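A.B. asks: Structure here, sequence nowhere to be found:
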C-alpha cells in the first residue's frame, strides 16, 4: 500500500453533503473489472448527462479542478453501502484525500486500507476551505504527521484516528500484521469452538 | 467482581484475541457471508496465493445480481458472469453456496436468520452494510469492505477499534398499522443519518420486547442508515423460539446449552452506555421519506418542508433534494403521486412484511405497476402456501423470485429516470434504484396503500378513503 505523508495538490470544493457511496460509484458499474480503472465511474451520474456528455455545471468538471487530488465536502461523506469500489473510484480518478466534517465508518476503514486519507475538519473550517478554494487558492497542503491543512498562509487542523494515521503513514498491510498472531489465533479458535460448539453449524438431515 | 457490562461489551470481550498498544483489537469472526460482490476479495486471496481459512464458517449467497424473473436464464452476460464467478469461487474454496438454483437462496440477511446460521453471541461479518440486520438475534454483526472481506477469508479475523455504546429504549405500544419500519425511520429522522455514527446501538424497552423477530430484523437492518456500526437486541424467549428447528441451528441438548449461555448475554442492570435515547412508541406515525436521505423522513400526515433562510446550508440541501424529487415545498405528502411500487429487500422482504402488504391489497387493485420480490426462496414458498402470491397478482403486481432486486438495481430491476417509486427498501439515495429514480421509503403496508390509491397514503385511512 502507498504511504501517505504530505500532499500538495489542487482541491475541488465539492461542497455537497451526504455523498453516499451509491453516488461515488453507481451500483451498475461494480460488475466491471478494475483492470481499466474505476476513475471514469467516480460520481458518474453527477458528472455526466445520460448521453455521456460531461455536465458543465458540475464542479469537478471545471478545468480549474482538472488535476484535483483532494475533495472538500460537507457532512456524512461516504455513508451507505460498504462498497470499497467507492474508494477505488476515488483513487483511480486521482483523489488521495477527502476533507469533510464527518464520514461513514465503513468508508473510513476502506479508504485507509487503500492509502486514501479521510481528514475530518470541523464544519466552520470546512465552510472556510470551500469558500477559499473556490475563490482564491485551489491548492491545499496536507501534512498528515502535523494533522494540518494549509491554504495560502493559513492552517487548519484535521482529526484522524491515531491508528488510521499510523496505517497511512507506514503503508501497513493488515494481513502481514495479523499473520504474526497466527499462534494466538489458533489457541483462541480451539478454546472458542470447544466452549461454544454450536458455532460450527451442522445442518439437520433433510 | 467484574464491572457491569453491556450486551455489546460481552460480545466484544468474547471475540477479542489480542489488543495492540494502539487500541486496535483483533476479533474472531464466527460467521462470514459472501455474495457476488465479494469478487474483489477473492481476487486479493488469489493474488496472495492464500486459501480460505475457515470454509466451514463461510457461506456464499447469490443475491445482489440474481434475476428475479425468467430463472435460471440470465439475459445479461455481465450479470451472469457475476453469479457464476461466485459459484466458481465458492466451489474452489469448498464454501457452502446458496446459489441461484438452491431452494434456500435469497437475500443474505434474510437467509442467515432463516436457516439458523445467524445465532446469538456470534460475530458475523459480510461485505454488505446491511449486515447490521443479524444483530436482531443478539449477534455482533457489521458490514465490511472488500479489503476486510479478504482479511476475513485469509485469517477469520478482523482488526477493529471498539465503538462507543448507545442504547435506544423504546417503550409503549406501536399503534395499528405501525411497523418496525416506521419506528426505524422515526429514529433516523430524530437522530439523523450520522446520529449513531461510531456507536454500537442496543435497542431495548417494552416495544422491542413486544416486536416480532421480523420487526427486530427490520429495525436492526435500518440502523446503518443512522450510521450505527452495528445494532443489537438482547436474545430472549422470542429469539429462542424463532431459532428452534431452524436447519443450521443447534438442536437437542446443544440447543439447551446454547440457550443457557445466550441468556447471560443481556446487558447487566447497571451497565453504562455512552449515549441513551428514549422513544415513545405511541408517538410513532406511519413515516415516508420525501427527500434523498433516509433522514428526510416525516409522518405521512405532514407536508414537504418549507425552505427557510434560517440555516442557509440546510435550506440549500432541502431545495436540492426537493428538486431531485420533483416536489414543491410545503406540499401535503398524501398529494404526491407514485408511478410504481416495490415490495421486498433485506429490510422488508420477510413473510410478515408480505402478509402486511397483502392484507392491504386483498380484494383491491393497484393503480400503478409494481414488483413484489420475496426476501428468500423460502419466504416465496411460504407466501405461496398462504395464497399471498394470488393476492398480489390479483392486484396487478408482479410476483417475482428472490434477490436484492429493485432495492439496489444491480440485476436490472430498476426504476426509470423521473419515475417515483413507493418502496419498502432502505435507501432513497439519488439514483439508488436507477439513474434519476425517485424513491420514497416506507413500510410494506404503506407501499401497498400507495399502490391502491396511486399516491402516498396513510394506510390507517384507506378504508375511510374508499367509503
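C.D. replies: Arrived safely, thanks for sending. Because the structure is a prediction, the values reported are computed rather than measured.

A.B. asks: For the rest of this, base every contact and every neighbour count on C-alpha atoms.
C.D. replies: Noted.

A.B. asks: how about stretch B:449-463: buried residues?
C.D. replies: B:449-460, B:462 (16 or more other CA atoms under 10 Å in any protein chain shown).

A.B. asks: So chain B: which segments form each domain?
C.D. replies: Here the domain parsing of chain B from automatic domain parsing is B:9-276, B:288-466.

A.B. asks: now these in TSV, with distance to chain A and mean pLDDT?
C.D. replies: Converted to TSV, the domains of chain B look like this (distance: least, CA to the nearest CA, whole Å; pLDDT from 0 to 100):
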stretch	distance to chain A	mean pLDDT
domain B:9-276	5	97
domain B:288-466	6	96
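
A.B. asks: As TSV, those domains with distance to residue A:42 would be great.
C.D. replies: What follows is the domains of chain B, written out as TSV (distance: least, CA to CA, whole Å):
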stretch	distance to residue A:42
domain B:9-276	17
domain B:288-466	14
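
A.B. asks: Mind giving me the packing neighbours of the worst-scoring helix or strand of chain A on mean pLDDT?
C.D. replies: Lowest by mean pLDDT, DSSP states H and E among the helices and strands of chain A is helix A:174-179, with a mean of 88. Packed against helix A:174-179, as judged by 3 or more CA pairs under 8 Å, 6 or more residues apart in numbering or on different chains; DSSP states H and E, are the following elements: helix B:146-155.

A.B. asks: which residues sit against the helix it packs on?
C.D. replies: Contacts of helix B:146-155 with the rest of the structure, by CA atoms under 8 Å, 6 or more residues apart in numbering or on different chains, involve A:83-84, A:110, A:113, A:174-175, A:178-179, B:29, B:32, B:38, B:40-42, B:44-45, B:50-54, B:126-127, B:157-158.

A.B. asks: so how many other residues sit close to the residue in chain A that chain B sits nearest to?
C.D. replies: The minimum distance from chain A to chain B, using CA to the nearest CA, falls at residue A:203 (4.5 Å). Other residues within reach of residue A:203 by the criterion other CA atoms under 10 Å in any protein chain shown amount to 15.

A.B. asks: pretty sure it contacts residue B:247?
C.D. replies: Yes: using CA atoms under 8 Å, residue A:203 is in contact with residue B:247, at 5.5 Å.

A.B. asks: ok, which stretches of chain A are helices?
C.D. replies: Listed in chain order, the helices of chain A (DSSP state H) span residues A:21-24, A:44-47, A:85-93, A:105-113, A:123-135, A:162-170, A:174-179, A:182-195.

A.B. asks: Output those as JSON lines; include the columns mean neighbour count.
C.D. replies: JSON lines is the format used below for these (neighbours: other CA atoms under 10 Å in any protein chain shown):
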{"stretch": "helix A:21-24", "mean neighbour count": "25"}
{"stretch": "helix A:44-47", "mean neighbour count": "20"}
{"stretch": "helix A:85-93", "mean neighbour count": "24"}
{"stretch": "helix A:105-113", "mean neighbour count": "24"}
{"stretch": "helix A:123-135", "mean neighbour count": "17"}
{"stretch": "helix A:162-170", "mean neighbour count": "18"}
{"stretch": "helix A:174-179", "mean neighbour count": "14"}
{"stretch": "helix A:182-195", "mean neighbour count": "13"}
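
A.B. asks: Serialize those to TSV and add fields for distance to residue A:2.
C.D. replies: What follows is those, written out as TSV (distance: least, CA to CA, whole Å):
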stretch	distance to residue A:2
helix A:21-24	22
helix A:44-47	26
helix A:85-93	11
helix A:105-113	10
helix A:123-135	26
helix A:162-170	8
helix A:174-179	13
helix A:182-195	25
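
A.B. asks: Of these, which is nearest residue B:309?
C.D. replies: Residue B:309 lies closest to helix A:123-135 among the helices of chain A, at 17.2 Å (CA to CA).

A.B. asks: From residue A:127, how far off is residue A:77?
C.D. replies: 15 Å (CA to CA, to the nearest Å).

A.B. asks: who's in contact with the least confident helix or strand of chain A?
C.D. replies: B:151, B:155, B:159.

A.B. asks: Let's see that with 7 Å instead.
C.D. replies: For helix A:174-179, the surrounding residues in contact (CA atoms under 7 Å, 6 or more residues apart in numbering or on different chains) are residue B:151.

A.B. asks: Which among the helices of chain A is found nearest to residue B:466?
C.D. replies: helix A:21-24 (38.9 Å).

A.B. asks: what about the closest one, near chain B?
C.D. replies: Yes: Helix A:21-24 reaches chain B (CA under 7 Å from any CA of the partner chain) through A:22, A:23.

A.B. asks: Report all helices and strands that that helix contacts.
C.D. replies: Of the remaining helices and strands, none touches helix A:21-24 by 3 or more CA pairs under 7 Å, 6 or more residues apart in numbering or on different chains; DSSP states H and E.

A.B. asks: Show the average pLDDT along it.
C.D. replies: Helix A:21-24 carries an average pLDDT of 97.

A.B. asks: which residues touch stretch B:173-184?
C.D. replies: With contacts defined as CA under 7 Å, 6+ apart, stretch B:173-184 is touched by B:207, B:215, B:218-219, B:222, B:281-282, B:284-287, B:442-443, B:460.

A.B. asks: sorry, back to before: among the contacts of helix B:146-155, name the buried ones.
C.D. replies: For the contacts of helix B:146-155, buried by 16+ other CA under 10 Å: A:83-84, A:110, A:113, A:175, A:178, B:29, B:32, B:38, B:40-42, B:44-45, B:52-54, B:126-127, B:157-158.

A.B. asks: Which ones among the residues you listed map onto strands?
C.D. replies: B:32, B:126, B:157, B:158 (DSSP state E).

A.B. asks: Make a markdown table from these and add distance to residue B:418 to it.
C.D. replies: Shown next, in a markdown table, are those (distance: CA to CA, whole Å):
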| residue | distance to residue B:418 |
| --- | --- |
| B:32 | 38 |
| B:126 | 33 |
| B:157 | 44 |
| B:158 | 42 |
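
A.B. asks: between these, which is closest to residue A:31?
C.D. replies: After measuring those against residue A:31 - CA to CA - the closest member comes out as residue B:126, at 18.0 Å.

A.B. asks: My read is that that closest one contacts residue B:143, right?
C.D. replies: Yes: the pair residue B:126 / residue B:143 is scored as a contact, 5.3 Å apart, by CA atoms under 7 Å.

A.B. asks: just checking, residue B:396 touches residue B:367?
C.D. replies: No: applying CA under 7 Å, one finds residue B:396 not in contact with residue B:367, separated by 8.3 Å.

A.B. asks: For the residue nearest the centre of chain A, which non-adjacent residue is closest in space?
C.D. replies: Central residue of chain A (CA atoms, centre = their mean): residue A:111, 3.7 Å from the mean position. Distance criterion CA to CA, 6 or more residues apart in numbering or on different chains; nearest residue to residue A:111, sequence neighbours excluded, is residue A:87 at 5.8 Å.

A.B. asks: ditto for residue B:55
C.D. replies: residue B:95 (5.2 Å).

A.B. asks: and that neighbour, how many neighbours?
C.D. replies: Counted with other CA under 10 Å, residues neighbouring residue B:95 total 19.

A.B. asks: now swap in residue B:9 and tell me
C.D. replies: By the criterion of other CA under 10 Å, residue B:9 has 18 neighbours.

A.B. asks: what bridges to the closest residue to residue B:35 other than its chain neighbours?
C.D. replies: Sequence neighbours aside, residue B:61 is the residue nearest to residue B:35 in space, at 5.1 Å (criterion: CA to CA, 6+ apart). Taking DSSP bridges as the rule, residue B:61 bridges to residue B:98.

A.B. asks: In contact with residue B:61, which residues?
C.D. replies: Contact analysis of residue B:61 by CA under 7 Å, 6+ apart lists B:34, B:35, B:97, B:98, B:99, B:105, B:108.
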